[in-house]
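> here is my input; please provide its structure:
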Amino acid sequence: MMKWEKLISTKRFGLEHYHDEKKQDRSEFQRDYDRLIFSAPFRRLQNKTQVFPLPGNIFVHNRLTHSLEVSCVGRSLGNNISRQLIEKYGDTISPLISEIGSIVSAGCLAHDMGNPPFGHSGETAISSYFSEGNGQILKEKYGLTDSQWNDIIHFEGNANAFRLLTHQFAGRRKGGFVLTYSTIASIVKYPYQSDYVVGSKKKKFGFFQNEKDDFVKIAEDLGMLKLDEYKYARHPLVFLVEAADDICYEIMDLEDAHKLKLVSNEETKQLFLNFFSEEEQRRKRERMSAVTDENEQIAYLRSVVVGVLVEECANVFVQNEEAILAGEFKSSLVDCMSERVKNAYQEIVKVALKRIYKSKDVVDIEIAGYNIIYTLIDKEINAVFNAEKAYSKQLLARIPEQYEKDAEDPYIKILSVLDYISGMTDVFSLDLYRKINGMSLPSL
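Residues are numbered from 1 along each chain as shown. Have a look, this model is predicted:
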């Protein structure tokens, strides 16, 4: 069994032996939150697509607004659970148990920071370049290990987020963001290396070979259960970060789809009202009638539905706490909600899959994003492995010094390109794509 007194730790990655005697008004986990929200990689999320391409004068979510909302929901989930755990065990459970909300809130801010431009389309472009494109030859040509190759052909935003938060880039300080162990662990949804996805239906993993020892160091210190070599049970707070993301992803995407008129006003209302009994639905409609603005009515329903989902997920977590601490709980929290709430949630998922994620604008940007990222990888990979050529020198001059493009190790060279490209915004990657293909020139 994992123990809360070990799972919640203020130890900082890269500053394990440093003790700050200065009295702080913020807790260590609140400092994590602030450190993330003021960072450049977090700011860049404002120009990374969530689902819809930026539609002009109608505001919909990007990765930054999504992450901020997930953080708010995660804080509510964490606070609800810490309160229930204190009621259940008393203060003796852990002196830091009341900080769960702050940890989850910080973890939620960071959960998408490793995603490349154009989201899942960008991830697919990176993976397919190496698994079925021009990059196929690199494994044999440069002698990459099977594990290193699995990292690349299954490139994962989650693993990339762990690298971004912990890796010491050139000229930067040791420990990356120097976050607490608990905050870092809370974002690792798949706590195992890429070798475990081979032959599996799931193609997601939690860390690259370059950071595997760093993850083990954190996992062992927090007392996370070891299931196999480089494979661990989830840190319990991962379930809360995941649930907050699940809630916002589906609920907010539906609200965006309503604004873009992909789903009608009445259908959107009914999808939200499905979470309630007939009597509760009647009362909700009465309250909605106090305003005539359709968007305001939908916003009201969205808020009460999020409240229901937070309460449900918190209760599922507490009811299954022992199984979670034993590493035996394998479901997501949203999959274990009460029947009516789960059915209503799944109905939104079905509508989203059929009408939102397959809408023309979404598909068009995924196609364009795939080609943009694929082309940039092809150009930059050729450059780092043929650095003596004139065109390569010009391309490499654009890569910031923090990335290890001159490394001797071919695996590190590839990671340096992925670091550079995955850190781009949608807008920057499109601009670079146009410039290196001679489609646009800087204004003189």
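> do a quick rundown of the helices in the stretch 201-350 of the chain.
Ranges of helices in the stretch 201-350 of the chain, per DSSP state H, counting those that start in this stretch, are 212-222, 238-259, 265-273, 278-288, 294-319, 321-325, 339-351.
> out of those helices, which one sits most buried?
Mean neighbour count (mean count of other CB atoms under 10 Å) peaks for helix 238-259 among the helices of the stretch 201-350 of the chain, with a mean of 23. For every residue, glycine as well, the C-beta is placed using N, CA and C.
> quick one, it and helix 294-319 angle?
160 degrees (axes from the mean of the first three to the mean of the last three CA atoms, to 10 degrees).
> okay, the helices of the stretch 201-350 of the chain in CSV with distance to Lys6 next?
What follows is the helices of the stretch 201-350 of the chain, written out as CSV (distance: least, CB to CB, whole Å):
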stretch, distance to Lys6
helix 212-222, 6
helix 238-259, 15
helix 265-273, 40
helix 278-288, 42
helix 294-319, 18
helix 321-325, 11
helix 339-351, 33
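> wait, which of the ones you listed is closest to Gln402?
Of all these, helix 212-222 sits nearest to Gln402, with 17.9 Å by CB to CB.
> which other residues reach that closest one?
2, 6-7, 9, 11, 13, 162, 166, 181-182, 184-185, 188, 191, 193, 206-207, 226, 230, 232, 235 (CB atoms under 8 Å, 6 or more residues apart in numbering).
> do that again at 6 Å, thanks
Helix 212-222 is contacted from outside by Lys6, Leu7, Thr166, Tyr181, Ile184, Ala185, Gln193, Phe207, Tyr230, Tyr232, using CB atoms under 6 Å, 6 or more residues apart in numbering.
> again, but for stretch 250-266
Applying CB under 6 Å, 6+ apart, the set of residues contacting stretch 250-266 from outside is 51, 58, 60-61, 268, 294, 298, 302, 306, 348-349, 352, 355-356, 359.
> out of those, the closest to Ser392 would be?
Distance to Ser392 across the contacts of stretch 250-266 (CB to CB) is lowest for Val51, with 36.0 Å.
> report pLDDT for that closest one.
Per-residue confidence at Val51 stands at 57 (pLDDT).
> also Ser443?
pLDDT, Ser443: 62.
> now the two most distant members of the contacts of helix 212-222.
Among the contacts of helix 212-222, Lys6 and Gln193 lie farthest apart (CB to CB), at 22.7 Å.
> which of the two has more neighbours?
Using other CB atoms under 10 Å as the criterion, Lys6 and Gln193 rank with Gln193 on top: 24 against 14.
> any idea how far that one is from Phe169?
21 Å (CB to CB, to the nearest Å).
> just Gly101 next, same as before
In terms of CB to CB, Gly101 sits 31 Å off from Phe169.
> ok, these two, which is more surrounded?
More neighbours surround Gly101 than the other of Gly101 and Phe169, with 20 against 16 (other CB under 10 Å).
> the host helix or strand of the more buried one - what's its average pLDDT?
Here Gly101 sits within helix 100-110, counting by DSSP states H and E. What helix 100-110 shows for mean pLDDT is 97.
> how far away from the center of its chain is that helix?
How far helix 100-110 lies from its chain's middle: 12 Å, per CA atoms, centre = their mean, to the nearest Å.
> what does stretch 251-266 give?
Here stretch 251-266 shows a centroid-to-chain-centroid distance of 23 Å under the convention CA atoms, centre = their mean.
> quick one: end-to-end length of it, please.
By CA to CA, to the nearest Å, the extent of stretch 251-266 from end to end equals 16 Å.
> start the count at 23 instead of 1 going forward.
Renumbered: residue one is now 23, and that last one reads stretch 273-288.
> what about the strands in the chain?
Ranges of strands within the chain are 248-250, 253-254, based on DSSP state E.
> just name the most buried of those strands.
Highest mean neighbour count of the strands of the chain: strand 253-254, a mean of 20 (counted as mean count of other CB under 10 Å).
> that strand packs against which elements?
Using 3 or more CB pairs under 6 Å, 6 or more residues apart in numbering; DSSP states H and E as the contact test, no helix or strand touches strand 253-254.
> again, only this time at 10 Å
Where contact means 3 or more CB pairs under 10 Å, 6 or more residues apart in numbering; DSSP states H and E, strand 253-254 is packed against helix 234-244.
> let me see the mean pLDDT of the helix it packs on.
The model assigns helix 234-244 a mean pLDDT of 97.
> for it, output the C-alpha coordinates as PDB.
C-alpha atoms of helix 234-244 as PDB (Å, rounded to 0.1, in the frame of the first residue of the first chain):
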ATOM      1  CA  LYS A 234      13.800   7.100 -16.900                       C
ATOM      2  CA  ASP A 235      16.200   7.300 -13.900                       C
ATOM      3  CA  ASP A 236      14.800  10.600 -12.900                       C
ATOM      4  CA  PHE A 237      11.300   9.100 -12.800                       C
ATOM      5  CA  VAL A 238      12.500   6.200 -10.800                       C
ATOM      6  CA  LYS A 239      14.200   8.500  -8.300                       C
ATOM      7  CA  ILE A 240      10.900  10.400  -7.800                       C
ATOM      8  CA  ALA A 241       8.700   7.300  -7.700                       C
ATOM      9  CA  GLU A 242      10.900   5.500  -5.200                       C
ATOM     10  CA  ASP A 243      11.100   8.500  -2.900                       C
ATOM     11  CA  LEU A 244       7.300   8.900  -2.900                       C
END
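> so where is this protein shaky, pLDDT-wise?
Scanning the chain for pLDDT under 70 picks out 41-47, 72-82, 464-466.
> list only buried entries from the contacts of helix 234-244.
Leu29, Thr188, Tyr203, Ile206, Ala207, Gln215, Phe229, Tyr252, Tyr254 (16 or more other CB atoms under 10 Å).
> quick one: residues contacting Asp431.
Asp431 makes contact with Tyr164, Leu166, Gln170, Asn232, Leu437, Ser438 under the criterion CB atoms under 10 Å, 6 or more residues apart in numbering.
> distance of the last one relative to Gly165?
Applying CB to CB, the value for Ser438 to Gly165 is 18 Å.
> the more surrounded of these two?
Taking neighbours as other CB under 10 Å, Ser438 and Gly165 compare with Ser438 leading, 22 against 10.
> my guess is that one contacts Val406, does it?
Yes. Shown here, Ser438 and Val406 form a contact pair, counting by CB atoms under 10 Å, at 6.9 Å.
> returning to what we had before: the strands of the chain: which one's closest to Leu107?
strand 253-254 (22.1 Å).
> how far is that closest one from where the chain is centred?
The answer for strand 253-254 is 19 Å, by CA atoms, centre = their mean.
> need the contact list for Asn156.
By CB under 10 Å, 6+ apart, the neighbours of Asn156 are Tyr396, Ile399, Asp400, Ile403, Asn404.
> one more time with 7 Å, if that's ok
Asp400 (CB atoms under 7 Å, 6 or more residues apart in numbering).
> how much space separates it from Ile403?
Note on Asn156: its distance to Ile403, by CB to CB, is 8 Å.
> ok, Asp278 next?
35 Å.
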